[in-house]
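*Asks:* quick one: sequence and predicted model below, then my questions.
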Amino acid sequence: MSLPRPHHRLLPATLAVLLLLPLGVRAQGADTPPGVFAFVNVSVLPMEGATEVLENQTVLVRDDRIVAVGSVASVAVPEGATVIDGEGRYLMPGLAEMHAHVPPVAQGRPQEGVLEDIMFLYVANGITTIRGMLGSPYQIDLRDELLAHEMLGPAFYAAAPSINGNSAPSPEAAEAMMRAAAEVGYDLMKIHPGVSRETWDRMVVVAGEVGLTFAGHVPADVGLVHALETGISTVDHMDGYLEAAAGGTPASVDELVAGLNERRMRRLARLTRERGAYVVPTQYLWANLYGARDADTALRLPEMNYVSPQQRQGWRNQAAGTPRLEPATREAFLQARDRMLRILAEEDVLLLMGTDSPQLFNVPGFALHRELDAMSAAGLDNRTILVSGTRNVGRYVGEVLGQDGSFGTVAAGQRADLVLLEANPLEDLGHLTERAGVMVRGRWLDREFLEAGLRAIAAKYPSVS
Ligand SMILES: [Zn+2]
């Protein structure tokens, strides 16, 4: 069955806002289409160069691009520009969710409203770029609709339905999938476990021929070192690192942790850097998967107000069905993951921010801020963490996906994906949630608009507290 296309896609943005809200709630705040904007007297976090914060700046935006960044005295505000007061505020690049699962469906699209809400949750959390890692045919159209502002949401880079042990039981099957993915126009190929080494090697050759990169899990038969040496572009969940660093195939989590060795961990990190692969850690998800937070506590977190009771119940069931480790074993394992992440950062491996939402207890958008806390708790400094969600993302899209990667920093010529904050996030990552507004490819969404949209989503579901 193929679902009809939503009819409101071409309506003006303000009308679309009214449709988002339940009856009786008046539209609030502003959703201003791309045009000319001036952020005046703002502190800028360029996320590149030696200076962390540029004070008293004016940032000019025209359509979807930043056109000027300079001191208030040096940059004139054009007549007719929408002026946004930047005094006491901080302007930084929008963040990225580099491991999103946008709901896959075999044919057609998810039920109307589902995608709109998910995309809104990303934007309302300051996320202006996502990489979809669970491919589905409708996502090709979705990507274009998002770029054209027909649906409000982040820029979307779409992985193809994954090559894994079931979908690609032979080299021929993997070859066919890789060729089809390039033909259809996906941005990359997702890898899941179960792929044999022979199948992998064929996939690598064909990927080179069709010009498509591959990323995701490291199949056990392939192993991390071979995956890196053959050009995997992102290793998600730090998949394969601890196994490789423990040497051989440990029989238990305890054995895995006991077998870790600093020299091997550093060697793997250096190999990753040399090969130019990126790592998407997903520490928060792993803590959840290993039962670091019980379901009752997790399901009372404030972000649970933005997901359906079915989703909450699904997570409760998943948590109940997950085998539990001894608390001491779990702690040692999660600490080993943190240690590996620190070593990757120390060896200058390129990190990318990502959560795997909506996997266990990961509410789209909100989960990213949980992940930032987890990266911080692992010992990463705030700048490294912010770079993983901004500058590194533009670099990945430019250098690895071979597309326009001019975003992720605040500079003339960059895509106008911006977050305006009330306080400096380099001092405290918690300031990332004190948003005065978000700009998505030149479209300005102020705080009232974002908060009204969040209230409208929460109003659909029973409150958790
Ligand atoms: Zn995934």
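*Replies:* Yep, that arrived.
*Asks:* for residue 278, which residues are in contact?
*Replies:* 233-235, 349-352, 392, 396, 400 (CB atoms under 8 Å, 6 or more residues apart in numbering). All C-beta atoms are positioned from the backbone trio N, CA, C, and that covers glycine.
*Asks:* no wait, residue 294
*Replies:* Here residue 294 is in contact with residue 319 (criterion: CB under 8 Å, 6+ apart).
*Asks:* now, the contacts of residue 278 that are in helices?
*Replies:* Counting by DSSP state H, the contacts of residue 278 place residue 392 in helices.
*Asks:* quick one, strands of the stretch 351-465 of the chain?
*Replies:* Taking DSSP state E, counting those that start in this stretch, the strands of the stretch 351-465 of the chain run over residues 418-421, 435-440, 443-446.
*Asks:* scratch that, the stretch 1-150 of the chain
*Replies:* Secondary structure of the stretch 1-150 of the chain by DSSP E, counting those that start in this stretch: the strands cover 31-32, 36-44, 54-62, 65-71, 82-85, 90-93, 95-100, 127-132.
*Asks:* pick the most buried one from the ones you listed.
*Replies:* strand 95-100 (a mean of 30; mean count of other CB atoms under 10 Å).
*Asks:* follow-up on the earlier one: any chance of the strands of the stretch 351-465 of the chain in TSV, plus distance to residue 98 and mean pLDDT?
*Replies:* Shown next, in TSV, are these (distance: least, CB to CB, whole Å; pLDDT from 0 to 100):
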stretch	distance to residue 98	mean pLDDT
strand 418-421	17	98
strand 435-440	17	98
strand 443-446	22	98
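*Asks:* picking that back up, of the contacts of residue 278, just the buried ones, ChimeraX syntax please.
*Replies:* Only the buried entries of the contacts of residue 278 go into this ChimeraX selection, using 16 or more other CB atoms under 10 Å:
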select :233,234,235,349,350,351,352,392,396,400
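*Asks:* could the contacts of residue 278 be laid out in CSV, adding distance to residue 301 and pLDDT?
*Replies:* What follows is the contacts of residue 278, written out as CSV (distance: CB to CB, whole Å; pLDDT from 0 to 100):
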residue, distance to residue 301, pLDDT
233, 32, 98
234, 28, 98
235, 28, 98
349, 30, 98
350, 30, 98
351, 25, 98
352, 24, 98
392, 28, 98
396, 30, 98
400, 34, 97
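*Asks:* which one of the contacts of residue 278 sits closest to residue 363?
*Replies:* Checking these against residue 363 with CB to CB, the nearest one is residue 352 at 19.8 Å.
*Asks:* wait, the closest one sits on residue 396?
*Replies:* Yes. Using CB atoms under 8 Å, residue 352 is in contact with residue 396, at 6.4 Å.
*Asks:* tell me which element residue 287 falls in.
*Replies:* Using DSSP states H and E, the element containing residue 287 is helix 283-289.
*Asks:* distance between that helix and the chain's centre?
*Replies:* The chain centroid and the centroid of helix 283-289 are separated by 15 Å under CA atoms, centre = their mean, to the nearest Å.
*Asks:* any idea how far the residue nearest to the spatial centre of the chain is from residue 238?
*Replies:* Geometric centre of the chain, nearest residue: residue 97, 0.7 Å, by CA atoms, centre = their mean. Separation of residue 97 from residue 238 (CB to CB, to the nearest Å) stands at 17 Å.
*Asks:* cool, and residue 428?
*Replies:* Noted for residue 428: a distance of 26 Å to residue 238, by CB to CB.
*Asks:* more crowded one of the two?
*Replies:* residue 238 (19 against 12; other CB atoms under 10 Å).
*Asks:* quick one: pLDDT of that one?
*Replies:* In this prediction, residue 238 carries a pLDDT score of 95.
*Asks:* my guess is it contacts residue 337, does it?
*Replies:* Yes. Under the criterion of CB under 8 Å, residue 238 makes contact with residue 337 at 6.3 Å.
*Asks:* hey, what's in contact with both of these two?
*Replies:* residue 281.
*Asks:* rewinding a little: could I get the strands of the stretch 1-150 of the chain as JSON lines with mean pLDDT and distance to residue 448?
*Replies:* Shown next, in JSON lines, are the strands of the stretch 1-150 of the chain (pLDDT from 0 to 100; distance: least, CB to CB, whole Å):
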{"stretch": "strand 31-32", "mean pLDDT": "94", "distance to residue 448": "10"}
{"stretch": "strand 36-44", "mean pLDDT": "98", "distance to residue 448": "17"}
{"stretch": "strand 54-62", "mean pLDDT": "98", "distance to residue 448": "20"}
{"stretch": "strand 65-71", "mean pLDDT": "98", "distance to residue 448": "24"}
{"stretch": "strand 82-85", "mean pLDDT": "97", "distance to residue 448": "13"}
{"stretch": "strand 90-93", "mean pLDDT": "98", "distance to residue 448": "19"}
{"stretch": "strand 95-100", "mean pLDDT": "98", "distance to residue 448": "21"}
{"stretch": "strand 127-132", "mean pLDDT": "98", "distance to residue 448": "19"}
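*Asks:* one step back: which one of the strands of the stretch 351-465 of the chain lies closest to residue 268?
*Replies:* Using CB to CB, the strands of the stretch 351-465 of the chain put strand 418-421 closest to residue 268, at 33.6 Å.
*Asks:* note down every partner strand of the closest one and its orientation.
*Replies:* strand 90-93 (antiparallel), strand 435-440 (antiparallel) (DSSP bridges).
*Asks:* CSV for these, including distance to residue 84?
*Replies:* Formatted as CSV, the strands paired with strand 418-421 follow (distance: least, CB to CB, whole Å):
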stretch, distance to residue 84
strand 90-93, 9
strand 435-440, 7
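*Asks:* out of the ones you listed, which comes closest to residue 35?
*Replies:* Ranking those by proximity to residue 35 (CB to CB) places strand 435-440 first, at 11.4 Å.
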